[in-house]
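Trainee: Generate coordinates for the sequence data below:
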Amino acid sequence: MAKPHPDRERALERLTEVAAVLERADVTMRRMFGSEGLAVRGKLFAFASTAGDLVVKLPEQRIGELGLDPMVMRGRPMREWAVVPYDAGEERWRTIAGEAYAFVDSISP
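Mentor: Sure, this is the predicted structure:
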């Protein structure tokens, strides 16, 4: 029997810790997809899913390289959004959130 996913509250706490470690002045918390997330200049790059996982924006190829599953919205996989399980740990969340920040920062005006 599979373990239940941690709740969003616990994921949001970890996301806040990840944001503090990123130490970027241009990172803010904002609401999107029904959850709080991290944004750079108003563009979301990471958020906590309803299931309590981290969802990040990365290039499609990089998602495959990291072995992550794409986020599925309304039954459709999203090309540049990937799920990082809560069980992957805070260090992996921090590393991948840092990559997501760099990606969105590079494509945002």
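Trainee: Contacts for stretch 46-58 next, please.
Mentor: For stretch 46-58, the surrounding residues in contact (CB atoms under 8 Å, 6 or more residues apart in numbering) are 5-8, 10-12, 14-15, 18, 32-38, 44-45, 66, 68, 71, 80-86, 88, 93, 96-97, 99-101, 103-104. C-beta coordinates here come from the backbone N, C-alpha and C atoms, glycine included.
Trainee: Drop anything exposed from those residues.
Mentor: 5-6, 8, 11-12, 14-15, 18, 35-38, 44-45, 68, 71, 80-86, 93, 96-97, 99-101, 103-104 (16 or more other CB atoms under 10 Å).
Trainee: These in helices, which ones?
Mentor: If you go by DSSP state H, the buried ones among the contacts of stretch 46-58 have 8, 11-12, 14-15, 18, 93, 96-97, 99-101, 103-104 in helices.
Trainee: Including pLDDT and distance to Asp53, could the residues you listed go into JSON lines?
Mentor: Formatted as JSON lines, these follow (pLDDT from 0 to 100; distance: CB to CB, whole Å):
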{"residue": "Arg8", "pLDDT": "84", "distance to Asp53": "9"}
{"residue": "Ala11", "pLDDT": "90", "distance to Asp53": "7"}
{"residue": "Leu12", "pLDDT": "89", "distance to Asp53": "12"}
{"residue": "Arg14", "pLDDT": "90", "distance to Asp53": "10"}
{"residue": "Leu15", "pLDDT": "88", "distance to Asp53": "10"}
{"residue": "Val18", "pLDDT": "84", "distance to Asp53": "13"}
{"residue": "Trp93", "pLDDT": "94", "distance to Asp53": "9"}
{"residue": "Ile96", "pLDDT": "96", "distance to Asp53": "11"}
{"residue": "Ala97", "pLDDT": "95", "distance to Asp53": "12"}
{"residue": "Glu99", "pLDDT": "96", "distance to Asp53": "16"}
{"residue": "Ala100", "pLDDT": "96", "distance to Asp53": "14"}
{"residue": "Tyr101", "pLDDT": "95", "distance to Asp53": "18"}
{"residue": "Phe103", "pLDDT": "97", "distance to Asp53": "18"}
{"residue": "Val104", "pLDDT": "96", "distance to Asp53": "18"}
